[in-house]
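[1] A structural model of the following input is requested.
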Amino acid sequence: MSVLQGIVPPIVTPMQPDGQVDYDSLDRLLDHLLNAGVDGIFAMGSSGQVAYLTDAERDEVIRRSVARVAGRVPVVAGVADFTARRVIEQARRAADAGVAAVVVTAPLYALNDTAEIADHFRMVAAAVDVPVIAYDVPVRVKTKLSNDLVMQLAAEGTIVAVKDSSGDDVGFRRLAAANRAAGHPIDLLSGHEVMCDAMGMAGADGLVPGLGNVDPAGYLRLWQAVQAADWTTALVEQNRLNKLMEIAFVPQGRSGDAGGIGGFKMALELLGVIDSATMPAPIAPLSDADRDAIRAILAEVDLLS
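    Model (predicted):
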């Protein structure tokens, strides 16, 4: 069962200067992505700073996204939480809001072994009436989903896809080979912004790049080249996007949540897509020097005059 393929940006969550979610800017961000021609929307992922939002804010961002997209492409939602019972509560509300699938990580905080993590995914899949996509993001949950576990869950129909943000390119290539050998039971999506051409060559079915918030058209051109096996064009576009990705490294001495996502938000503010680059408390805003450096990078890649 294919739910997601192609370019599926994990949307940021725009905020007003007072820290409240800016739903008008969210609408404009979704329009920005849909007008570019993206193939799906992923709400409430790491780029959406899901960890900082209340349950009510999560629910409203998902509802607003589903309403704005209005069936034009699939909307999937992250439902990260500590353990399966809590994830199920999040997932049921997301399903009621109309998402096409829920995106589930390994448990947070809880210390589970591989068998328990497998049952975590099975419990969620059994409790909701929408498909489950596994989200492999060990930098945040401290657990790497093994290829054996992923393929086991795929074979039994517990998951329909994997969003790989592990940064383990060797592991991804081995997973792609295992998926092909098993008859391609799941879709594989890579969140590695600077390696998308190689991930496509390795066997990715789609890309979930946080940088795609800023330049969805660039990732669509890259994916079109990958689909055509035009690796020369793909490399040229990937190199251009890698220059753009430098916005994530402009802030120095800041947390991971402040740097990369802050860079994306600042770029979107400078492009006029969202009103403010405000970050959720306690994350401080980027500096004026950061703003100037990000503006220069946008100009260098022809996104801003």
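[2] who's in contact with P14?
    21-22, 25-26, 29, 265, 268, 274-276, 278 (Cβ atoms under 8 Å, 6 or more residues apart in numbering). For the C-beta atoms, the positions are set from N, CA and C on the backbone; glycine is no exception.
[3] what about 6 Å?
    With contact set as Cβ atoms under 6 Å, 6 or more residues apart in numbering, P14 has these partners: 22, 25-26, 274.
[4] Could you tell me the per-residue confidence at it?
    Note on P14: pLDDT of 98.
[5] shouldn't P209 be in contact with E193?
    Yes. P209 is within contact range of E193, at 4.4 Å (criterion: Cβ atoms under 6 Å).
[6] what about those two, which has more around it?
    P209 (28 against 21; other Cβ atoms under 10 Å).
[7] any idea how far the more buried one is from G19?
    The gap separating P209 from G19 is 26 Å, by Cβ to Cβ, to the nearest Å.
[8] do the same with A248
    Applying Cβ to Cβ to A248 and G19 gives a distance of 22 Å.
[9] Neighbour count: those two, which is higher?
    Between A248 and G19, counted using other Cβ under 10 Å, the more crowded position is A248 (22 against 12).
[10] Grab the nearest non-local neighbour of that one.
    Nearest residue to A248, sequence neighbours excluded (Cβ to Cβ, 6 or more residues apart in numbering): G260, at 4.0 Å.
[11] again with D275
    D275's closest residue in space is S25 (Cβ to Cβ, 6+ apart), at 5.1 Å.
[12] and the one you found, what element?
    helix 23-36 (DSSP states H and E).
[13] Check what contacts that helix and list those residues.
    For helix 23-36, using Cβ under 6 Å, 6+ apart, the contacting residues are 9, 14, 64, 68, 216-217, 273-275.
[14] Tell me the helix or strand right after that helix.
    strand 41-43.
[15] helices or strands next to whichever helix or strand comes after that following strand in the packing?
    The helix or strand immediately downstream of strand 41-43 is helix 55-69, counting by DSSP H and E. In terms of contacts (3 or more Cβ pairs under 6 Å, 6 or more residues apart in numbering; DSSP states H and E), helix 55-69 is packed against helix 23-36, strand 41-43, strand 75-78, helix 84-97.
[16] Can you check what angle separates helix 55-69 from helix 84-97?
    Angle of helix 55-69 versus helix 84-97, following axes from the mean of the first three to the mean of the last three Cα atoms, to 10 degrees, is 30 degrees.
[17] quick check, distance from helix 55-69 to the centre of its chain.
    16 Å (Cα atoms, centre = their mean, to the nearest Å).
[18] Next, the buried residues of it.
    57-66, 68-69 (16 or more other Cβ atoms under 10 Å).
[19] same check, this time on stretch 144-156
    144-145, 147, 149-151, 153-154.
[20] tell me, how many neighbours does G272 end up with?
    10.
[21] With the one 4 residues further on instead?
    The number of residues packed near S276 is 17, by other Cβ under 10 Å.
[22] any idea of the mean pLDDT in whichever helix or strand the residue nearest to A248 is part of?
    In this assignment (DSSP H and E), G260 forms part of helix 256-270. The pLDDT scores in helix 256-270 average 95.
[23] do the same with stretch 181-197
    Here the average pLDDT along stretch 181-197 is 96.
[24] Can you tell me the element R240 falls in?
    Assigned by DSSP H and E, R240 falls within helix 231-244.
[25] Repeat that for V162.
    With DSSP H and E as the test, V162 turns up in strand 161-164.
[26] between the helices and strands packed on helix 55-69, which gets nearest to V160?
    Nearest to V160 among the helices and strands packed on helix 55-69 is strand 75-78; the distance by Cβ to Cβ comes to 10.4 Å.
[27] end to end, how far does stretch 144-163 reach?
    Stretch 144-163 has an end-to-end distance of 12 Å (Cα to Cα, to the nearest Å).
[28] which residues touch it?
    1, 3-4, 114, 118, 121-122, 125, 131-136, 138, 174-175, 178, 185-189, 191, 208.
[29] filter those residues to the buried ones?
    Here, 16+ other Cβ under 10 Å leaves 3-4, 118, 121-122, 125, 131-136, 175, 185-189, 191, 208 buried among the contacts of stretch 144-163.
[30] so of these, which ones are in strands?
    132-136, 187-189 (DSSP state E).
[31] Check the residues you listed and tell me the two furthest apart.
    Longest distance between any two of these is 14.9 Å, between V132 and L188; criterion Cβ to Cβ.
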